[in-house]
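Student: please work out how this folds:
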Amino acid sequence: MINPLRVFVDSDVIISSLISQKGAAFLLLSKKGLNFYISNLSKRELAIVAERLNIDRTELSSIIKNKLKIVTIKDDLGSIKTKFSQYTKDPNDAHIVAGASRANAKFLITYNLRDYKIDKIKHDFGIICLNPGQFLQYLRSLRKIYEI
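Tutor: Presented below is the predicted three-dimensional model:
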């Protein structure tokens with residue numbers, strides 16, 4: 001049996017899946033045979049964004065509880081930015097790379113690929129950055145292994 005892929009999901013993907021049940025983000029998070037991760041910092045960020053966008057907190061809580069595993073980052077945001085901002089064009093996204101690294105993820109899924117230095121992330125951590133549509137296409141190529 002093959003180990004499930006470890007996939008770190010950026011907050012924008014989770015929010016998108018809550019907004020639309022027809023998009024790639026929703027479809028992706030409904031896939032079985034994958035381990036989806038967020039960090040404790042991402043979880044806090046999700047709560048703030050969900051409140052700002054009037055997204056039902058129970059739906060967000062349900063996704064977090066039923067579909068995501070949470071990795072804990074103990075470093076403060078200043079240290080995270082110092083260590084991981086070299087991997088982003090926006091230092092406020094450094095915690096996403098830190099979370100993906102902490103989760104030992106093989107993939108980082110985000111709609112904001114342009115905000116990340118994807119070649120450097122791949123080189124230094126072996127993490128492949130894709131948007132949800134690209135990742136679904138990749139999974140389709142593995143049809144015999146994962147439920148599509």
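
Student: going forward, measure contacts and count neighbours with C-alpha atoms only.
Tutor: Will do.

Student: mind telling me what element Leu139 is part of?
Tutor: Under the assignment given by DSSP states H and E, the secondary-structure element containing Leu139 is helix 132-141.

Student: and that helix, what other elements does it pack with?
Tutor: The contact analysis (3 or more C-alpha pairs under 8 Å, 6 or more residues apart in numbering; DSSP states H and E) places helix 132-141 against helix 24-29.

Student: other residues contacting the helix or strand following the helix it packs on?
Tutor: Past helix 24-29, further along toward the C-terminus, the next helix or strand under DSSP H and E is strand 34-39. Strand 34-39 is contacted from outside by 4-11, 29, 67-73, 96, 99-100, 103, using C-alpha atoms under 8 Å, 6 or more residues apart in numbering.

Student: buried members of the residues you listed into ChimeraX, please.
Tutor: The ChimeraX selection below is limited to those of the contacts of strand 34-39 classed as buried (16 or more other C-alpha atoms under 10 Å):
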select :6,7,8,9,10,11,29,67,68,69,70,71,73,96,99,100,103
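
Student: distance from the chain centre to the helix holding Leu139, please.
Tutor: The offset between the C-alpha centroid of helix 132-141 and the centroid of the whole chain comes to 15 Å, using C-alpha atoms, centre = their mean, to the nearest Å.
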